[in-house]
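Trainee: Return a 3D structure for these sequence lines:
(chains A and B)
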Amino acid sequence: MSSKLSRRDFFKASGILAAGMALAACQPSLAEAEPAYPTLAPDPGSASPPLTDEALLLHTLKRISFGVTPAMLARARSIGLDAYIEEQLFPENHDNSEVENLLSNLKTLTMTAKERLDLEKDAQSIQELIGATLLQQWKSPSQLYEVMVDFWTNHFNIYIVKNQCRVLKTDDDQAVIRPYALGKFGELLSASAHSPAMLVYLDQATSTRRAPNENYARELLELHTVGVDGGYSHEDVVELARTLTGWSVTGFRDRNQEPGQFSFRRQAHDDGQKQVLGTVVPAGGGIEDGEIILDMLAQHPMTARFISTKLARRFVADDPPASLIEKLSQVFLSTAGDTREMLRTLLHSDEFKASAGQKMKRPLEFFISALRVTDAKIQRTPRALTTYLRQMGQMPFFWSPPTGYPDYAAWWATTSGMLNRWNFALLLTAGEVPGVAINLSTLTADAASAQDLVDLLSIRFLSKKLPSDARDILIDFASTGSLDKNLPDIAGLILGSPHFQVR
Amino acid sequence: MTTKLSRRDFLKLSATLGGFALTPSWMPRMSFAPQGVEPAGDILVVVFLRGAMDGLNAVIPHAESRYYELRPTLAIPEPQTGNDQSAIDLDGFFSLHPSLRPLKDLWDESALAIIHAVGSPDSTHSHFDAQDYMERGTPGEKNLTTGWIGRHLQSAPWLNESPFRAIGMGGIMQASLRGPIPVTTLTSIEDFHLQGRTNNLAQLQQNMASLYSLGSNFDSIAAETFSAMNALSQIDTSTYTPEGEATYPETDFGMALQQVAQIAKAEIGMEVASIDIGGWDTHNQQGVLDGTMPALLSGLASAISAFYRDLGERAKRVTLITMSEFGRRTYENGSGGTDHGHGNLMFILGGNVNGGKVYGEWPGLSAENLYGPGDLAVTTDFRDVLSEVLLKRLANPNQQNVFPNYANWKDLGILKNG
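Mentor: Down below sits the predicted model:
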């Protein structure tokens, strides 16, 4: 009970509730040891290590994808888990033609920023980029790659609604996040620092030597590299802001050059000597000033630790083991931040193998996995679908602060969060989500009994049968009328069940 | 919590029995409360202005000429009788931004007080750190995960098992609410029910509840959800007419406040509601009389004014406060905006506010009085204001549980007792 996800239980366990119940007599101390996040208990079905080969395979596929489909499962079983991980680490070898075909309908993906801005419909670029993102998460064979695209999209969060980010974020997605999602951190960081969308989002584009703007400089330290505990001072932020003055974006009214591109404005740059985190930038370096500091930050041990912690939180547990963070930091430092190498180490680590059941799907992962396991077909543009994601609070590119969407269960396990999941599950299986068609009867064509129906759906949605207690509840329900009539509700209940909320 | 059946135990039991048709355990109100001990205090509404509101352009120190020197293009014109494009004088020294006009009547009725140059003693310019510190109520300390409101509810000397004890509007749980007391997050009252094939919802709900009674990590939050659904189903939003001829603006914030008023009137055990308004991080083209920030101010003022009118007599048992993580730089930047600063202001509204007054010590804007890179100094710790709210309006004497290591708080006399 002590490690289950109930806030009350959690605090009870850590002694704080007891302290609170003592009321005025108690003087709480700030030094009370609390983990940063309440963590989920290991999954009772599969957590007693070591996992069987099949359980480990399923655990891994759940963590490296937006939902386990029969095709994935078959492929991984046939070539073996290690080979499957290797295959997922090299998306360039995958046949992505189905997705590319779907994306070809989204015209703004191939436009220039200027062309997007000139469109009559202002929001078209936003809608199409969201659509493209969801389609790729849903349909792409490169699932681990898409998970990492989402990871870095949140790490280098850009709120798409802010000013010209609505037309520039598409370029950021294509030129920053996707090319380097499995690459070297330093290259990704550099690409992001030259990304017009980022420079607009964090107000860097308007920062000049006469009026430096500290916003980007601060987040570059706090959220992109060394982290809030990275040992920098306000002076470092000010010096970094000076270092980056002149890093800007070509204007949309400028007729002499292609608008919406990175531009270094020499006359706006502070060319004096600067010092950031002990690194001295000599006077007169121009754009090189910023490059020196970006290189330093990309290799900084605190950056290694910060990125490793986030990666471990993403793939292993909300409060990830220190031993794994240490291991990943070492890989980061010895490989110049090679994401592929870090993932290889992570996915083969004992800490990863012991973490089954310890991550709750966030709304986006819940949503996409429901579409994947039901083999949903899109009838219209996926735009109608995004209403549901918005309600669940995790529409891509719609998180306004630069932190990115939270990656721990306590944030998402709320009353309305649960209700929104149940409703999406029940509406989807009832065929009442606009623009989406699913054909449940093809999934259960062989079902001759209530038991068959429940088992076929469970194997399809969860890749295994439900535990007997949950299975019995659904069999009882399925037996109350005709199987056909109950099919959508049984399917919706499985997607809404606790078993489908775990990643 | 000794021999009593906890609400969760009750829900688990009723789920097992398929008993969600039963009246929730906490209705009628406080059925489980110790005899004679009910929530004694006001309903608290906390409005968090995320991104750091520019307090100097909201409540303007127009009598200090330095303000106009620091903000050559952004200053709000000083009060001028008959000119609605100028600041609205409050006391000869401070004035309201013209977009805050609805607050002037509340000020005149003594329902509204302002604390200026208030904030956190921590010097951070990070939104995220500053919001965290403020919502935890522990500036500079990161090792306490509970929020100040969470600790208030936890340490209050009464028991209230309602799932609406604390409500996070906008569908999110603000960090201030974190703690052992469950929070219901709400986007709207009318949407809070199970959907799907409508002929079968009761059976679906019962089966879903059963699936969440088998010992999973999510059983407790699911039980809270079912309980909340039952209660909200009894509030009719379609025919709601605000009292006092109040008109809420049709903004997210306006609609959220209207629903808070409805929940308050439904008497289902709400003690705290928390609401966010984002968009205050005005580094760029923030606007003087029109534009981004004036629009935000206008939305804020018209909504809280409507809320106060709508509450009528109930306003005597409601206290609304606004908070923002820090203020903005005293001088404008080169982009028509303002960078992150330090001191800011808080509004306090309610039937027991000693209103019509700006509280706090004004530190002044001359260079030697500024803080850090050119920020308004903080002369009132935000915990002074919150401690006063806690003791005088929320009837919770356990100030030291809520604000550890801050026993020597300063009573500014903003609020009436009990």
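Trainee: At which residues are the strands of chain B located?
Mentor: B:43-49, B:59-60, B:88-89, B:95-96, B:112-119, B:166-169, B:184-186, B:272-277, B:318-323, B:344-350, B:357-359, B:380-381 (DSSP state E).
Trainee: Tell me the residues of the stretch 51-200 of chain B that contact chain A?
Mentor: Counting by CB under 8 Å from any CB of the partner chain, the residues of the stretch 51-200 of chain B close to chain A are B:123, B:125-129, B:138, B:141, B:143-146, B:151, B:154-155, B:157, B:163, B:168, B:171-173, B:178-187, B:192-197, B:200. No exception for glycine: its C-beta is placed from N, CA and C like everyone else's.
Trainee: shaky segments in the stretch 301-450 of chain A?
Mentor: A:379-384 (pLDDT under 70).
Trainee: from it, which residue is nearest to chain B?
Mentor: A:L426 (3.1 Å; CB to the nearest CB).
Trainee: ok now do that residue, which residues does it touch?
Mentor: A:489, A:492-493, A:496, B:194-197, B:204 (CB atoms under 8 Å, 6 or more residues apart in numbering or on different chains).
Trainee: next one: B:P61
Mentor: Residues near B:P61 by CB under 8 Å, 6+ apart: B:67, B:93-94, B:116, B:362, B:365.
Trainee: try 7 Å
Mentor: Residues near B:P61 by CB atoms under 7 Å, 6 or more residues apart in numbering or on different chains: B:67, B:93-94, B:362, B:365.
Trainee: Would you check how far apart it and A:T480 are?
Mentor: 71 Å (CB to CB, to the nearest Å).
Trainee: thinking again about what came up before, of the contacts of A:L426, closest to B:A273?
Mentor: Nearest to B:A273, judged by CB to CB, of those is B:L194 at 23.6 Å.
Trainee: How confident was the prediction at that closest one?
Mentor: You'll see B:L194 listed with a pLDDT of 92.
Trainee: burial measure for it, as a count.
Mentor: 18 (other CB atoms under 10 Å in any protein chain shown).
Trainee: my guess is it contacts A:W422, does it?
Mentor: Yes - counting by CB atoms under 7 Å, A:W422 is a contact partner of B:L194 at 6.2 Å.
Trainee: quick one: the residue of the stretch 301-450 of chain A closest to chain B from B:N200, how far?
Mentor: Relative to B:N200, and taking CB to CB, A:L426 is found at 9 Å.
Trainee: do B:S65 as well
Mentor: Distance from B:S65 to B:N200, by CB to CB: 71 Å.
Trainee: again with B:N83
Mentor: 63 Å.
Trainee: So for these two, which sits in the more crowded spot?
Mentor: B:N200 (17 against 11).
Trainee: Test of understanding: give the bridge partners of the most centrally placed residue in chain B.
Mentor: Centre of chain B computed as the mean C-alpha position; nearest residue by CA atoms, centre = their mean is B:V46, 1.0 Å away. For B:V46, the beta-bridge partners are B:S274, B:I321 (DSSP bridges).
Trainee: okay but A:L223 is in contact with A:K310, surely?
Mentor: No - here A:L223 does not reach A:K310: they are 10.0 Å apart, not a contact under CB under 7 Å.
Trainee: circling back: highest neighbour count among the contacts of A:L426?
Mentor: A:G496 (30 neighbours).
Trainee: Next, count neighbours for B:R317.
Mentor: 15.
Trainee: Relative to chain A, how far out is the spatially closest residue to it that is not a sequence neighbour?
Mentor: Distance criterion CB to CB, 6 or more residues apart in numbering or on different chains; nearest residue to B:R317, sequence neighbours excluded, is B:D42 at 5.0 Å. For B:D42, the distance to chain A (CB to the nearest CB, to the nearest Å) stands at 20 Å.
Trainee: So what angle separates the directions of the longest helix anywhere in chain B and strand B:112-119?
Mentor: Ranked by residue count and defined by DSSP state H, the top helix of chain B is helix B:292-311. Taking axes from the mean of the first three to the mean of the last three CA atoms, to 10 degrees, one finds that helix B:292-311 is oriented at 140 degrees with respect to strand B:112-119.
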